[in-house]
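Trainee: Have a look at this fold, sequence not included:
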């Protein structure tokens, strides 16, 4: 069919200005180029887009448009694909990948952004002509006109009607893989929440999160950051959090010197809870077992410096160890030691050597789907067994590395029960020297009257707390 056209764009410089406008405008072209890089080279959109916008000098409203178009299209891919399949009367697998990306961009403008239909169609068709050739642009034009003939509500009603069951319906309407929908449903129930919240949770995953800053204690003051920053508000839960409504975080005073950092409020809470769970004595040694990229390390380091404690941060990947060093540059010298090593070895090498240990375990990242628009399509349930093994080995190492009476915080940025409760239960079943504490008390010591589930672990939720879905289990090695 016409979707197989492989027309190559003429080089930009060879086009006369009058012809050039027949191509895509810069913002839509940038979004399309991001989608192609994500598809072709497994790139992360949040790493590809900002430098691309800088390089092409796309700023202001155009940059905002390109960002919402690229990230939104990636998030809502499954929903858009279902609409495209109906409108094109063919499975999306039969459409050339570059042409499919063009259609996704068009559908996102028509059904999820406030772009007038004629502009959404004509601008996307112009981009298709440049990027994929005339035949492809005619196909894109025909499909998008059909999509634009019905409202977003009408399309969603059709998709809901076609779904064979509840999970499939939620998966297509909220654009999540079905295995993720099932896992999140189970996680809500396990936390003692109403399964009816599932749609709200999935919807929250599709909202672009605000940028949250951390004012690292002793290095910066949240109140001062607030008063120095236009369009900011205090965090809801963490005393160190400042939420930006817009603007460039790098322009906020203190960010360039690492006194202030970008860090989700849930991520701040779990680190602060480990520090708040017991009074800190001078000379304590703390361990951050999987420290990269270093946000929690820097926060723990700042708190440790105020109490005369010391933090050892281990990270197995050299480039991530460098990120930890960079994020802790403002912490008083001698407070944080960064070591490039495997956290699974520390318990055997330094048994009982630490007073507190943070295990921020590698996981599926299902709790941060708001931030990584393509992450939900990269993971599969097949990733769980290998991650589970790693999570158990790291937690075991942490429990060996902590002294009797000391504390271990097991943290994941995923609410998946297989990565949270099951890991902790499994490891504790094999040991008689560990008790699980009620982590809700430690979190409330930091966040006040925060609504939490049944415990003893703490599960945060995007739709309830406005944070990533961080999980915290607090364990004490028996004295």
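Mentor: Okay, I see it. The shown structure was predicted, so the numbers you read here are calculated from the model rather than taken from an experiment.
Trainee: which SS class is the nearest residue to residue 412 once chain neighbours are set aside?
Mentor: Counting by C-beta to C-beta, 6 or more residues apart in numbering, residue 412 lies nearest to residue 363, which is 4.3 Å off, once chain neighbours are set aside. To be clear about C-beta, it is placed using only N, CA and C from the backbone, and glycine gets the same treatment. Three-state assignment for residue 363 (DSSP: H, G, I helix; E, B strand; the rest coil): coil.
Trainee: same question, residue 312
Mentor: Looking at residue 312 with three-state DSSP, the answer is strand.
Trainee: Check which residues of stretch 91-103 are buried.
Mentor: Neighbour counts using 16 or more other C-beta atoms under 10 Å place 92, 95, 96, 98, 99, 100, 101, 102, 103 of stretch 91-103 among the buried residues.
Trainee: The fourth one sits in which helix or strand?
Mentor: Assessed by DSSP states H and E, residue 98 sits inside helix 97-112.
Trainee: quick one: average confidence on whichever helix or strand comes after that helix?
Mentor: Note on helix 97-112: by DSSP H and E, the next helix or strand toward the C-terminus is helix 117-132. Averaged over helix 117-132, pLDDT sits at 96.
Trainee: again with stretch 59-66
Mentor: Mean predicted confidence for stretch 59-66 is 94.
Trainee: So which residues make contact with stretch 443-450?
Mentor: 237-239, 269-270, 272-273, 276-277, 452, 458, 465, 472 (C-beta atoms under 8 Å, 6 or more residues apart in numbering).
Trainee: How far does that stretch sit from its chain's centre?
Mentor: 23 Å (C-alpha atoms, centre = their mean, to the nearest Å).
Trainee: Tell me which residues of it come out buried.
Mentor: Result for stretch 443-450 [16+ other C-beta under 10 Å]: buried residues 443, 444, 446, 447, 450.
Trainee: Just the pLDDT for residue 274.
Mentor: Residue 274 is given a pLDDT of 98.
Trainee: ok, now which ones touch it?
Mentor: Contacts for residue 274 were tallied using C-beta under 8 Å, 6+ apart; they are 300, 356, 358, 407, 409, 442, 474.
Trainee: let's see 6 Å
Mentor: Residues in contact with residue 274, defined by C-beta atoms under 6 Å, 6 or more residues apart in numbering, are 356, 358, 409.
Trainee: The last one touches residue 356, doesn't it?
Mentor: No - taking contacts as C-beta atoms under 6 Å, residue 409 lies outside contact range of residue 356: 7.5 Å.
Trainee: Residue 365 and residue 74, how far apart?
Mentor: Residue 365 is 15 Å from residue 74, where distance means C-beta to C-beta, to the nearest Å.
Trainee: Look at those two and report which has more neighbours.
Mentor: Higher neighbour count among residue 365 and residue 74: residue 74, with 25 against 21, using other C-beta atoms under 10 Å.
Trainee: Once you drop chain neighbours, what's closest to that one?
Mentor: Nearest residue to residue 74, sequence neighbours excluded (C-beta to C-beta, 6+ apart): residue 373, at 3.8 Å.
Trainee: before we move on, back to that, pick the one among the contacts of stretch 443-450 closest to residue 155.
Mentor: residue 465 (31.2 Å; C-beta to C-beta).
Trainee: residues near that closest one, how many?
Mentor: Neighbourhood size, residue 465 [other C-beta under 10 Å]: 21.
Trainee: Residue 118 now?
Mentor: Based on other C-beta under 10 Å, the number of other residues close to residue 118 is 9.
Trainee: cool, and residue 27?
Mentor: Look at residue 27: counted by other C-beta under 10 Å, it has 22 neighbours.
Trainee: Identify the residues contacting it.
Mentor: 62, 65, 66.
Trainee: In strands, which of those appear?
Mentor: When DSSP state E is applied, those are split such that none fall in strands.
Trainee: mind putting these in JSON lines, distance to residue 321 and neighbour count included?
Mentor: Converted to JSON lines, these look like this (distance: C-beta to C-beta, whole Å; neighbours: other C-beta atoms under 10 Å):
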{"residue": "62", "distance to residue 321": "37", "neighbour count": "17"}
{"residue": "65", "distance to residue 321": "37", "neighbour count": "20"}
{"residue": "66", "distance to residue 321": "33", "neighbour count": "25"}
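Trainee: between the residues you listed, which is closest to residue 292?
Mentor: For those, with residue 292 as the reference and C-beta to C-beta as the criterion, the closest is residue 66, at 28.8 Å.
Trainee: That closest one contacts residue 31, correct?
Mentor: Yes - counting by C-beta under 6 Å, residue 66 touches residue 31, with 5.0 Å between them.
Trainee: Could you name the helices and strands sitting against the longest strand that the chain contains?
Mentor: Using DSSP E to define each element, the chain has its longest strand at strand 402-412. Packing contacts for strand 402-412, counted by 3 or more C-beta pairs under 6 Å, 6 or more residues apart in numbering; DSSP states H and E, involve strand 354-360, helix 384-401, strand 471-477.
Trainee: run the last query once more with 10 Å
Mentor: helix 265-276, strand 285-288, strand 354-360, helix 384-401, helix 421-429, strand 434-437, helix 439-447, strand 471-477 (3 or more C-beta pairs under 10 Å, 6 or more residues apart in numbering; DSSP states H and E).
Trainee: Next, format the ones you listed as CSV and append distance to residue 144.
Mentor: Formatted as CSV, those follow (distance: least, C-beta to C-beta, whole Å):
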stretch, distance to residue 144
helix 265-276, 39
strand 285-288, 49
strand 354-360, 44
helix 384-401, 38
helix 421-429, 45
strand 434-437, 54
helix 439-447, 46
strand 471-477, 41
